[in-house]
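In: Prediction below, plus the sequence it came from.
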Amino acid sequence: AQKTYDTTPTLAAAGEEARGGWKRDSSYTFSDAVSELQEFAREPVPFLMETASVDDDAVHHRAGLEARLYLHFLHSMLMLFGVTAALVTVVILPANYLGHKASWLPEGAFAQTTANGFNHPQSALLLHLLCSLFVAGMVLVVVYLMREHLLSFARGMHKSEAVVPPVQAYTVEVQGMRVLPPVTEAEVMELINSRLSGEVMSCEIAHDVTETVDEVDEQLELIQSLARYKEQFENEGVRPTMLVGPLAWIYCGERVDAIEHLQKGIRKLDEMIEKSRSKRIVGTGTAFITFKTRTAATDCVKFFNDARTSNKLSGLPSIGTGPKDLCRNPAVWEVKMAPKPQDVCWRNLRYSHFQQTMLSVVGFLCLLLILTFVVTPLFFIQVFLSIEEITESEISDKPVPHHAAMFQPKRLSGGWLANFVVSLLTPASILVINFFIMPALVKWAVRYFGHRTNSGIRSSSFALIFFFMLTNLLFIPALSLGSLEELVEITGWVPVDKILASVVLYGSAGVFFIDYVAQSALIATAFFFVYHTTSPKIHNWASGGSGDKLYWEFDYAYFYSSLLSVIAIALMFVVTVPLLLPFVFLCLYTRYYTDKWQLITAHSIRNPDPSPERTASSVFVGLVLVTALAQAAFGAWLGLQGCNHLALWAWGAAVGLVVVVS
């Protein structure tokens, strides 16, 4: 079914050809890579000019549609926060610094630049509310424009896209059919011809051959490894060896002859494959039906989408668990337009929608448990380092927090070393968790969630990575800026609006988030630039010039999440910490040029996202939801300042944004 249905050509060949002058020279050595970095350090302007001169169409042909959509999103956010940074720097920052502040607020400190501690907050914070609402409105406008840009590609209306009806516009996917024995093509054709006689072009039944495919893939990997070891033996004249055993990946195990071991494994897999092929065929309950016209395809969805109604009208499909019944369960029966052929995750067609939902829920809970053990030690280190006791009154309903110690630099029991850990290593550690540990766990786990499409896997990866990034970044550090006693009080009885207010209150009482954004802009960008500049050259140098070119697959789910996390910080503290916005703009600026350079030089398009519109749409939804969360937190913070009338406007904006998303 995969071979028959997948009839659309890929853009891999065109992309490699369009890469043109950006192809890597395989004769480069490690010293050449070092020289290239030194040259960039001396003259970065040519790099920036060359990268900036590549237009959207060139990016599209070199790296695919998903690269174009990603860079368009990044460029739109760069423009938005460029304007926002200028606005808050010119308007909000002077208003914060020159306003009449309470006597307990430290003079000449960072707290003076924030929106905390006004003597008359009802009048002083009106300007901040107007600015916050303006930013929320601008986010909606930008999302609308990005959505229209996205839809122009989805509809084939963009000038760079040929308006050719895709194969999935004529194809219908039927789910929930009999699995054992699997349905036949004749049974499906009987169902369709009862309403749409003569309209079917082809009908393909998808069988469950996952076990055989896994064994064939494993054997193919062994064959490739065997070829490499044989080549090594011919070049060196010495029989190569390898480590085997459960701990071989950490260089612990028995050392055996590599060629003999691999040959034995290949023969064993031959026997397993033959045994798997002799088993009785099991169906996935899925069929792909291609029609001659698009009208016939949509009519099929209309006629047969409800199994019970169709059965009452024509007696088809037959419902039951017998060997002749077509529909095994009306609850899992579904007839819909098929996804793109290259978007189908064939091994997961065996899972029903209910099974996929249960796998996703269990996988999410496992991730939550694992990441709790990863993040919690870092969190409690910061909590226990603080010797300051924050009392219950600081999170009560009083108009102004009256303890000046909250806005003073934290006094730590460990002296300068503890201060160094909290002020520098804590943001860096969370950066490492968000950049490496958590995304790797999510990418590994989401493969077992049972998604029926590859774009669904990528969209789920984005949603999970962004959720954990936002939780690790906003709520855990903000709540850990107090003491352990306060944490217990907050999580035990304080309402949600007070928790949101605490995020804004304690997040604006220090420079933690400025540290994080600055490190994200400089350290992370520098790391990726150096790594992806030197890795292909080091790979070629280590292989003596005979290794294959090393291309890097751009992980859009991760990079969308990391960008949206920084944007979430900006939206959460856009008026309370105006000094943060220039650093956010710097982060977006550096990421735009670094990511664009990577996409047009080192990005591999061998495994493109068949439906990048799905992930991009999820990003737009996430951006509006984050804006709604920021408005709700700002409204809760206004309520804590005693500005209940102003808070109603912020809460209303949050509700309006949620309505827009729905």
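Out: Structure received.
In: quick one: low-confidence ranges for this structure?
Out: Along the chain, the model assigns pLDDT under 70 to residues 1-48, 102-109, 155-167, 374-428, 430-431, 475-494, 523-552, 602-604.
In: Let me see the ranges of the strands in it.
Out: 171-175, 200-207, 241-244, 254-257, 283-291, 334-337 (DSSP state E).
In: To residue 646, which of those strands lies closest?
Out: Ranking the strands of the chain by proximity to residue 646 (C-beta to C-beta) places strand 334-337 first, at 46.9 Å. Glycine gets a C-beta too; all of them are placed from N, C-alpha and C.
In: Contacts made by the closest one with the rest, please.
Out: For strand 334-337, the external contacting residues (C-beta atoms under 8 Å, 6 or more residues apart in numbering) are 168-169, 171-176, 297-298, 300-301, 304-305, 353.
In: So which of those wins on neighbours?
Out: residue 174 (28 neighbours; other C-beta atoms under 10 Å).
In: I figured it hits residue 284, correct?
Out: No. Using C-beta atoms under 8 Å, residue 174 is not in contact with residue 284; the gap is 10.9 Å.
In: Please state the backbone phi and psi of whatever residue is furthest in space from the centre of the chain?
Out: Relative to the centre of the chain, and counting by C-alpha atoms, centre = their mean, the farthest-placed residue is residue 237 at 47.4 Å. Main-chain torsions, residue 237, degrees, to the nearest 10: phi 80, psi 10.
In: one step back: can I get the strands of the chain in CSV with distance to residue 506?
Out: Shown next, in CSV, are the strands of the chain (distance: least, C-beta to C-beta, whole Å):
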stretch, distance to residue 506
strand 171-175, 49
strand 200-207, 53
strand 241-244, 50
strand 254-257, 55
strand 283-291, 51
strand 334-337, 47
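In: between those, which gets nearest to residue 645?
Out: strand 334-337 (48.6 Å).
In: Would you give the sheet partners of that closest one, along with the direction of each?
Out: Counting by DSSP bridges, the strands paired with strand 334-337 are strand 171-175 (antiparallel).
In: contact partners of the partner strand?
Out: Under C-beta under 8 Å, 6+ apart, the answer for strand 171-175 is 5, 188, 285-291, 297, 300-301, 304, 332-339, 352-353.
In: what do you get for stretch 367-374?
Out: Stretch 367-374 has contacts (C-beta under 8 Å, 6+ apart) with 433, 437-438, 441-442, 445, 464, 468, 472.
In: Export those to CSV and append columns for distance to residue 255 and neighbour count.
Out: As requested, the contacts of stretch 367-374 are exported to CSV (distance: C-beta to C-beta, whole Å; neighbours: other C-beta atoms under 10 Å):
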residue, distance to residue 255, neighbour count
433, 36, 19
437, 31, 14
438, 35, 25
441, 31, 18
442, 35, 26
445, 33, 19
464, 40, 26
468, 40, 23
472, 42, 21
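In: CSV for those residues, including distance to residue 565?
Out: Shown next, in CSV, are these (distance: C-beta to C-beta, whole Å):
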residue, distance to residue 565
433, 12
437, 15
438, 11
441, 16
442, 14
445, 19
464, 13
468, 10
472, 9
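In: These in helices, which ones?
Out: Cross-referencing the contacts of stretch 367-374 against helices under DSSP state H gives 438, 441-442, 445, 464, 468.
In: Throw those residues into CSV and include distance to residue 213, thanks.
Out: Shown next, in CSV, are the ones in helices among the contacts of stretch 367-374 (distance: C-beta to C-beta, whole Å):
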residue, distance to residue 213
438, 30
441, 25
442, 25
445, 21
464, 26
468, 31
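In: Closest to residue 154 out of those residues?
Out: Closest approach to residue 154 among the ones in helices among the contacts of stretch 367-374 (C-beta to C-beta): residue 464, at 24.2 Å.
In: so the closest one makes contact with residue 364?
Out: Yes. Assessed by C-beta under 8 Å, residue 464 is found in contact with residue 364 at 7.0 Å.
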